[in-house]
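In: what shape does this take:
(one chain, ligands or ions: 1)
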Amino acid sequence: MIVEMSVVAAVLAVVALIAAYTLITGSPPMPTSAKVKAAMLAAIPGGFEGMVFELGSGWGTLAFALAKRFPKSQVVACELSPVPWLFSRLRQALERLPNLTIRRMDFHSLSLQETALAVCYLHPGGMHKLKLKLEAELPSGALVLCNFFAVQGWRPEAVTTVDDPHNSKVYLYRIIR
Ligand SMILES: C[S@@+](CC[C@H](N)C(=O)[O-])C[C@H]1O[C@@H](n2cnc3c(N)ncnc32)[C@H](O)[C@@H]1O
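Out: Predicted coordinates:
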């Protein structure tokens, strides 16, 4: 009985932690679907190289795929919510990718000046705040790849509509200064 109660308490604590950080960040740790992930990887121009930042990396769905797809690029995945962050760190212990760094942090305290590609799947309010940071810090030529939510006021270089129940869109932007 004590074991069962401890398991229930642990599960409730994990759910509460995920819910609390969803309130803090405004984004639940909803992973990108397999179809959208494929569309995002396909949207990145051939010959791409350079630093990749995943801003809000959740359970690591995109971060691992990006690190495998671009083994010569350093991929830095940032996640604030402890539960998905811990999950992705455990996955990293099993699936070692030398070019992948997973950090538990608010990506707003990260410098994006070395970015070649920034990837995100947030929510409208989060995208608005992130837009200001991207405009202030990204170098000319940097790519920004967004799942579902566009950067309002920016003109995408490419938009992909995914054949899924939401007709999800993937937006690719290029910073030109
Ligand atoms: C919708 S999920 C997407 C996860 C992952 N990028 C994917 O596509 O599978 C958004 C994630 O961003 C994280 N997040 C939101 N704002 C953040 C911030 N300022 N710093 C770090 N992580 C953040 C949330 O905790 C959440 O896990």
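
In: mind listing the strands for the chain?
Out: Using DSSP state E, the strands of the chain run over residues 51-55, 75-79, 100-104, 115-120, 143-147, 158-161, 169-174.

In: out of the ones you listed, which is closest to Met30?
Out: For the strands of the chain, proximity to Met30 was assessed by Cβ to Cβ; strand 143-147 is nearest, at 9.8 Å. The C-beta positions use only the backbone N, C-alpha and C, and glycine is treated the same way.

In: tell me the mean pLDDT for stretch 55-67?
Out: In this model, stretch 55-67 carries a mean pLDDT of 98.

In: now stretch 14-25
Out: 98.

In: contact partners for the residue of the chain found nearest the ligand?
Out: Nearest residue of the chain to the ligand, counting by Cβ to the nearest ligand atom: Gly56, 2.2 Å away. For Gly56, the contact set (Cβ atoms under 8 Å, 6 or more residues apart in numbering) comprises Thr25, Ser27, Cys78, Glu79, Leu80, Phe107, Cys120, Tyr121, Leu122, Gly126.

In: redo these as TSV? Include distance to Leu143 and neighbour count.
Out: Listed next are the contacts of Gly56 as TSV, based on distance: Cβ to Cβ, whole Å; neighbours: other Cβ atoms under 10 Å:
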residue	distance to Leu143	neighbour count
Thr25	23	19
Ser27	21	20
Cys78	17	21
Glu79	21	29
Leu80	23	19
Phe107	16	24
Cys120	12	24
Tyr121	15	27
Leu122	17	20
Gly126	19	19
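
In: what's the farthest-apart pair in these?
Out: Leu80 and Tyr121 (14.2 Å).

In: can you give me the pLDDT of the closest residue to Arg89 other than its chain neighbours?
Out: Using Cβ to Cβ, 6 or more residues apart in numbering and skipping the chain neighbours, the partner closest in space to Arg89 is Ile102 (5.7 Å). Ile102 is assigned 98 on the pLDDT scale.

In: if we can go back for a sec, now the residue of the chain closest to the ligand: phi and psi?
Out: Taking degrees, to the nearest 10, you get phi 90, psi 80 for the backbone angles of Gly56.
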